[in-house]
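Engineer: From the sequence below, what's the structure:
(one chain, ligands or ions: 1)
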Amino acid sequence: MLITFEGIDGAGKSTQIKKLAAYLKQEGHEVLTLREPGGTEVAEKIRLILLESRHEISPVGELLLFSASRAELVSEVVRPALAEGRTVILDRFFDSTTAYQGYGRGLDLNMLRTLIAISTGALTPDITFYLDILPEEALIRKFSEKSLPLAFENEELDRMERSGLEFYRNVHQGYLDIIEAEPGRFKSINARHGVQEIHACIVKTLKERLQDRS
Ligand code: TYD
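Structural biologist: Predicted structure coming up:
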């Protein structure tokens, strides 16, 4: 089973992923947790270029780098793990590309679809949890986590985080459109709810989906 998590930076995905992985392990699942970009030696190098570098990267270049990282992760790690019957939890997958490079950077959505199909070999998650939060709130969380003042040009932010509020507003709208187009795959959860409440909702949804499948 492939479970993915999406949301704008600061929505609280990592906390929920840790809790879900612990829960599933306890239930006897063999769980593999991964994040994008990254997850193989090559993909981690691409991650450094994308997030840590001080270089300017063009929107198309950025798209191709995220796609290259994804192609490596899917073929080297995700597909083999799924074939062994493991449950894979991914912190971001191709919906991030649609939201960030499509809606955020303004790249053509049809071109993105083609590239996503190539980089994933058309692998689709069984379920995607979207943690919904307004960009303003998410960024305040993110900045305060890092004890930083609210300024997008701050050196300590990664390359994507320096993109500005307008960018994040477009990304947020992107997620809303993606979910509307594919309601069956998504479970959207209000990220303002408490950690435990969100976890309980995730577990409940997963149980329901598993029941529907059997
Ligand atoms: P990361 O440090 O993993 O942070 P988080 O997921 O907690 O926000 O950063 C990944 C960044 O890369 C994040 O800003 C989203 C962005 N991203 C894209 O723009 N496109 C993509 O396809 C993916 C996977 C991520």
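Engineer: what distance separates the start and the end of stretch 90-102?
Structural biologist: End-to-end distance of stretch 90-102 (Cα to Cα, to the nearest Å): 20 Å.
Engineer: Keeping just the C-alphas, turn the least confident helix or strand in the chain by mean pLDDT into PDB.
Structural biologist: Among the helices and strands of the chain, helix 135-145 carries the lowest confidence by mean pLDDT, DSSP states H and E, at a mean of 83. Output of helix 135-145 as PDB, limited to C-alpha atoms (Å, rounded to 0.1, in the frame of the first residue of the first chain):
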ATOM      1  CA  PRO A 135      -0.200  29.800   3.700                       C
ATOM      2  CA  GLU A 136       0.100  32.700   6.200                       C
ATOM      3  CA  GLU A 137      -0.400  30.400   9.100                       C
ATOM      4  CA  ALA A 138       1.900  27.700   7.800                       C
ATOM      5  CA  LEU A 139       4.700  30.100   7.200                       C
ATOM      6  CA  ILE A 140       4.300  31.600  10.600                       C
ATOM      7  CA  ARG A 141       4.700  28.100  12.100                       C
ATOM      8  CA  LYS A 142       7.700  27.400   9.900                       C
ATOM      9  CA  PHE A 143       9.400  30.700  10.800                       C
ATOM     10  CA  SER A 144       8.800  30.300  14.500                       C
ATOM     11  CA  GLU A 145      10.100  26.700  14.400                       C
END
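Engineer: how about that helix: buried residues?
Structural biologist: 135, 138-139, 141-143 (16 or more other Cβ atoms under 10 Å). C-beta here means a position set from N, CA and C on the backbone, and glycine is covered the same way.
Engineer: buried ones in the top helix by length along the chain?
Structural biologist: Counting residues, the longest helix found in the chain (DSSP state H) is helix 195-213. Neighbour-count burial for helix 195-213, counted by 16+ other Cβ under 10 Å, picks out 198-199, 201-202, 206, 209.
Engineer: So which of the residues you listed is the closest to the ligand?
Structural biologist: Nearest to the ligand among the buried residues of helix 195-213: Ile198, at 15.5 Å, using Cβ to the nearest ligand atom.
Engineer: That's all I had, so thanks and see you.
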